[in-house]
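Enquirer: need a 3D model of the following:
(chains A and B)
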There are 2 protein chains.
Amino acid sequence: MVTRLSTYFLRTLREDPSGAEVTSHRLLVRAGYIRRQAPGVFAWLPIGLRVKAKIETIVREEMAAAGAFEVHFPALLPREPYEATGRWEEYGDALFRLQDRKGADYLLAPTHEEVFTLLVKDLYSSYKDLPLSIFQIQDKYRDEARPRAGLLRGREFTMKDAYSFDYTDAGLDASYQSQRDAYERIFSRLGLEYVIVHADAGAMGGSRSEEFLHPTPIGEDTFVRSAGGYAANVEAFTTVVPDARPIEGLPAAVVHDTPDTPTIQTLVDLANAEHPREDGREWTAADTLKNVVLALTDLEGTRELVVVGLPGDREVEMKRVEVAFAPAEVEPATDEDFAKHPGLVKGYIGPWSADGAVLGEESSTGIRFVLDPRIVDGTEWITGANEKGRHVFGLVAGRDFTADGVVEAAAVRAGDPAPDGSGPVELARGMELGHVFQLGRKYAESLGLKVLDENGKLVTVTMGSYGIGITRILATIAELNNDDKGLVWPTQVAPFDVHLVATGREAAVFETADWISDQLETAGVDVLYDDRPKVSPGVKFGDAELIGVPIIVIAGRGVADGIVEVWDRRTGEREPVAIAEVVDAVARLRAS
Amino acid sequence: MVTRLSTYFLRTLREDPSGAEVTSHRLLVRAGYIRRQAPGVFAWLPIGLRVKAKIETIVREEMAAAGAFEVHFPALLPREPYEATGRWEEYGDALFRLQDRKGADYLLAPTHEEVFTLLVKDLYSSYKDLPLSIFQIQDKYRDEARPRAGLLRGREFTMKDAYSFDYTDAGLDASYQSQRDAYERIFSRLGLEYVIVHADAGAMGGSRSEEFLHPTPIGEDTFVRSAGGYAANVEAFTTVVPDARPIEGLPAAVVHDTPDTPTIQTLVDLANAEHPREDGREWTAADTLKNVVLALTDLEGTRELVVVGLPGDREVEMKRVEVAFAPAEVEPATDEDFAKHPGLVKGYIGPWSADGAVLGEESSTGIRFVLDPRIVDGTEWITGANEKGRHVFGLVAGRDFTADGVVEAAAVRAGDPAPDGSGPVELARGMELGHVFQLGRKYAESLGLKVLDENGKLVTVTMGSYGIGITRILATIAELNNDDKGLVWPTQVAPFDVHLVATGREAAVFETADWISDQLETAGVDVLYDDRPKVSPGVKFGDAELIGVPIIVIAGRGVADGIVEVWDRRTGEREPVAIAEVVDAVARLRAS
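Expert: The predicted model follows:
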């Protein structure tokens, strides 16, 4: 097909849109693919819809190949199913809620686990009906606190969400693998390099959860990987726990005056200067126990303090803390919080004081105390003595203090051992492409989805959830394929195969370009034809570069000599080609 | 392609869904096309999506042929543009409104005039950019007071909405005609007989508005048409106004006692008995002036009474009244309303009393008084005298009373003259298929959409709006194509071309059916293949009839003799066909 730019609904913009923080957003707006309607809410223009449709086609084909059937749910859904699973509350402010004219509660669905579950419950009753995988490509809503980065994190977005239903764990594993394989094919077809990383299974989660990340320094997600093949996002990384050590024979803890030690480093310096170790080893930050006070707010709005103890050379990583305490919201404790708990001496907090336990078992404060997994029994620590200007040395875990639990709160560092023994990890950045997720039986249990098994016994169905952000993928491809002139689409998702430009004012040039467009169309090539009569070559080339069709054909003065130029937008190479050879030249480039 | 029913996500139901008032709803749910999620909100199952996609493809093709470009807007839109055009208020309870986490107002768009206007304003600035027609196929929301009739009137529905932009009236006419022509092609391709009727242009409306109705006794809309080619929906029908008559020389009005005349008929009987006309003609209901008291509530919530005067042989038609007084809401006055206005003597209301004007100019009540267009100056009426048990005879319009306006409030009757002189009209029923609508410059004015014309002068753009309810069309087709066994899809929108049924338990039958499905697939026929191994023939036939694929091929016992049965679901004819001939037989039926 030939689309003539003289009448096409496409306008490029010279200026970057205000507030566009990322390249994809900037270029997709400037090149006329999308327009912002509200924060995080976009309209799709004709050329943008073309790219979106190509991605959707690839996803649909691979879903069909994986045996998944397409359905389509509304965005507007009643509260009740989400109430039953707890997500009506858990989503917090991120859920768009509304009421109808009768005052009944509705939401704009951020994902559809509940109603897929209910649909299957409604129609299926036997193990013979299973396995089943169903999916939709549908517009979803999430009221992001800071919608930013254009389509990469919008408040409305198109997703492919698939759900699998099985009655055995082995069945779920097979369904999961089938979707996972489909994802590998999808991202390969889209030309998107990916790493599959272990992901956090979340509050409603089941057993297995993996993210497909595209590794790139501009990615917004951090993940870790080892040379031996381990990969996980930072939320899902699990610490290798050292063995406990014998407590017997360890010297008693001693309290020392430690004036003017506002930081871990000043404390370490003082310790080395005034209280050196007998064996001559230097004290380091890793010998100190840092106790960070956090405030959790649960779904009912109740605020509770919790103290996290971790080695002084590690920082608390909020992403990991949030996962650990989900669905509660977490923030650092405020002065007000401290004022309410005089038992916590700010700057000198520790689990122990000369008067007894401050945190942990039989503590004087009653505040929950959780420890980094590295703080195993028998380890010795320098930590606050709960008196201003004093620290305790040689406080032994399991002897002098105990905790109410273990929490993965510390940031992962390059060099930390991978939990699977595959060696030290490095940190990398990536962009999320998709997520596969074993939900297990939680949704089916909440909503009563059971089937009769081979023995006529009712068994709860086990489910998987598999998501790809279609609009996010599109933005990711744009983010990864551009230069300072504009977009450079990969062939398989380009809005057109060829951008044909006729320059100048000579009728012969336009006639030749018309002929070329016919030839290309006949050859099954989708052509965007810049036939605008009174636009300068410079503007036309600029538009072509901005729009980013990978092959540009220029009919200009050379036409008099039977020559046009074929320009590979991806490499920048431009070569003269005889007019009669254009179709072949294009075919060669498309195949390259 | 072959879709095997043994694994397909499709379950038919034996029972009608509760609350399904119309056939299409009942059958589409039972046959597994849709499932209800909330009142007026449905999910689409795989087989339903197939039919929907076919309709969308036809619509897309004809929109492209009409030169319209596809875009896609979000359903979630900010309040501001709808505030600017007044529709934020005007939509009343029918608009789903919500707030985001920052308290900003949003809506779920019922139509998208505002944002299309703003998009064009954003990108276009010159007459050279025009004409432009753009469309989308998108899910819309309307909080209907009584969502009913399944997809025919849902709260979420898929619409094709197109908008045209021109800078001259002639341009608008051409764009309008182009969409109108496309609609004719669409409905012809869908096999839907249609009548194009004049429609009300609505409160925000422009000059021209037409609806495409499918004439059918089960239609929910009433329209009128003349043998001479006039057609209008009842809201848009305009009364042929009689000429005014000379007032001079008419006798003075006289008040008579009229006890026990609670109805028009008892009043007419009394008049004929006690006060016969001098010329001997009988009084009829058409000689009486009936004054109906209505209560209007405007957008600010202010309640106002209005009295509508019309000939006693006509009823007020609320649909016409609602259009006349839009955007105010209208209902009959209550006893409470009457209690507040003692000047209106219930049962004996008229514009005049012995003490002077009760309604109309210098009236004692101050209540707005509007008249049916037939009440022209010089007409004489029997009407209430605003005293209990008394009526006034010979009250002359334009002499004894005047009105504050004219209103098209009376119901249209068969035999009323068409306004274009094409003869008397008849009343008919129809189902709305689509709507084409000249908006004119109202939206462009409200939102400031102007372009520079040939003379460098800023001119306001003139617009058209063109809608087809995709899901409504689907339901309409289902409503019109079914029998007591189930759905009977027309070929062009059927979910599959052929429903192949293998019956019995013999392996040979299933092998033959496998072979036939391969042959059909190779011939490009889309097959739903009922390969379920342990389902009885009766259940399979019942499902096939319910699902409604127009051609059913049955492989059963005849296979041993090289014969299958080809069943035309539309005519009910079943003929034996040699197995090798099935592809040809199917091709013949598909072409028929």
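
Enquirer: got the domain ranges for chain A?
Expert: As assigned by automatic domain parsing, chain A contains the domains A:49-73+A:109-237+A:426-479, A:254-406, A:496-591.

Enquirer: enumerate the residues of the stretch 151-300 of chain A near chain B.
Expert: A:Arg155, A:Glu156 (C-beta under 8 Å from any C-beta of the partner chain). For every residue, glycine as well, the C-beta is placed using N, CA and C.

Enquirer: just the domains of chain A: most buried one?
Expert: Across the domains of chain A, averaging neighbours per residue (mean count of other C-beta atoms under 10 Å in any protein chain shown) puts domain A:49-73+A:109-237+A:426-479 on top, at a mean of 20.

Enquirer: give me the distance from it to the chain's centre.
Expert: Relative to its chain's centre, domain A:49-73+A:109-237+A:426-479 lies at 12 Å (C-alpha atoms, centre = their mean, to the nearest Å).

Enquirer: ok so, going back, can you put the domains of chain A in a markdown table and add mean pLDDT?
Expert: Shown next, in a markdown table, are the domains of chain A (pLDDT from 0 to 100):
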| stretch | mean pLDDT |
| --- | --- |
| domain A:49-73+A:109-237+A:426-479 | 93 |
| domain A:254-406 | 90 |
| domain A:496-591 | 96 |
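
Enquirer: any chance of those domains in a markdown table, plus distance to B:Asp337?
Expert: Shown next, in a markdown table, are the domains of chain A (distance: least, C-beta to C-beta, whole Å):
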| stretch | distance to B:Asp337 |
| --- | --- |
| domain A:49-73+A:109-237+A:426-479 | 43 |
| domain A:254-406 | 47 |
| domain A:496-591 | 63 |
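
Enquirer: relative to B:His198, which of those domains is closest?
Expert: Closest to B:His198 of these is domain A:49-73+A:109-237+A:426-479 (C-beta to C-beta; 34.5 Å).

Enquirer: between the two ends of that closest one, how far is it?
Expert: With C-alpha to C-alpha, to the nearest Å as the measure, the ends of domain A:49-73+A:109-237+A:426-479 fall 17 Å from one another.

Enquirer: now swap in stretch A:127-143 and tell me
Expert: Across its full length, stretch A:127-143 reaches 38 Å end to end, with C-alpha to C-alpha as the criterion.

Enquirer: ok, that stretch near chain B or not?
Expert: Yes. Shown here: stretch A:127-143 in contact with chain B (C-beta under 8 Å from any C-beta) through A:Leu132, A:Ile134, A:Asp139, A:Tyr141, A:Asp143.

Enquirer: for the first one, give me its contacts.
Expert: Yep, that's A:Leu132 we're talking about. For A:Leu132, the contact set (C-beta atoms under 8 Å, 6 or more residues apart in numbering or on different chains) comprises A:Phe69, A:Val120, A:Tyr124, A:Ser164, A:Phe165, B:Phe9.

Enquirer: and the last one, what element?
Expert: Taking DSSP states H and E as the criterion, no element holds B:Phe9; it sits outside all helices and strands.

Enquirer: all strands for the stretch 451-592 of chain A, in order.
Expert: Applying DSSP state E, counting those that start in this stretch to the stretch 451-592 of chain A gives strands spanning A:458-460, A:462-469, A:482-483, A:486-487, A:498-502, A:527-530, A:551-555, A:563-568, A:574-578.

Enquirer: hmm, back to that, closest to B:Thr460 among the contacts of A:Leu132?
Expert: Of all the contacts of A:Leu132, B:Thr460 sits closest to A:Phe69, with 49.4 Å by C-beta to C-beta.

Enquirer: and that closest one, what are its bridge partners?
Expert: Using DSSP bridges, the bridge partners assigned to A:Phe69 are A:Ile134.

Enquirer: how close does it get to B:Thr491?
Expert: A:Phe69 is 23 Å from B:Thr491, where distance means C-beta to C-beta, to the nearest Å.

Enquirer: what of A:Tyr466?
Expert: Relative to B:Thr491, A:Tyr466 is positioned 36 Å away (C-beta to C-beta).

Enquirer: what about stretch A:574-582, how long is it end to end?
Expert: Counting by C-alpha to C-alpha, you get 13 Å between the two ends of stretch A:574-582.

Enquirer: next one: stretch A:103-117
Expert: 25 Å.

Enquirer: likewise for stretch A:66-86?
Expert: End-to-end distance (C-alpha to C-alpha), stretch A:66-86: 31 Å.

Enquirer: do the same with stretch A:323-340
Expert: Start and end residues of stretch A:323-340 are separated by 26 Å (C-alpha to C-alpha).

Enquirer: which one of the residues of stretch A:127-143 next to chain B sits closest to A:Pro276?
Expert: Proximity of the residues of stretch A:127-143 next to chain B to A:Pro276 (C-beta to C-beta) peaks at A:Asp143, which lies at 56.1 Å.

Enquirer: the closest one contacts A:Asp93, doesn't it?
Expert: Yes. Taking C-beta atoms under 8 Å as the definition, A:Asp143 is a contact partner of A:Asp93 at 6.1 Å.

Enquirer: what do the two both touch?
Expert: Common neighbours of A:Asp143 and A:Asp93 (C-beta under 8 Å, 6+ apart) are B:Arg101.

Enquirer: A:Gln136 - that's part of a strand, no?
Expert: Yes. A:Gln136: assigned to a strand according to DSSP: H, G, I helix; E, B strand; the rest coil.

Enquirer: gap between it and A:Glu70?
Expert: Distance of A:Gln136 to A:Glu70, given as C-beta to C-beta: 6 Å.

Enquirer: follow-up on the earlier one: so which of the strands of the stretch 451-592 of chain A gets nearest chain B?
Expert: strand A:527-530 (12.8 Å; C-beta to the nearest C-beta).

Enquirer: run me through the strand neighbours of that closest one, direction for each.
Expert: Applying DSSP bridges, strand A:527-530 is found paired with strand A:2-4 (parallel), strand A:498-502 (parallel).

Enquirer: can you name the element that comes right after the longest strand seen in chain A?
Expert: Counting by DSSP state E, the longest strand found in chain A is strand A:425-440. Where DSSP H and E defines the elements, the next helix or strand beyond strand A:425-440 is helix A:442-447.
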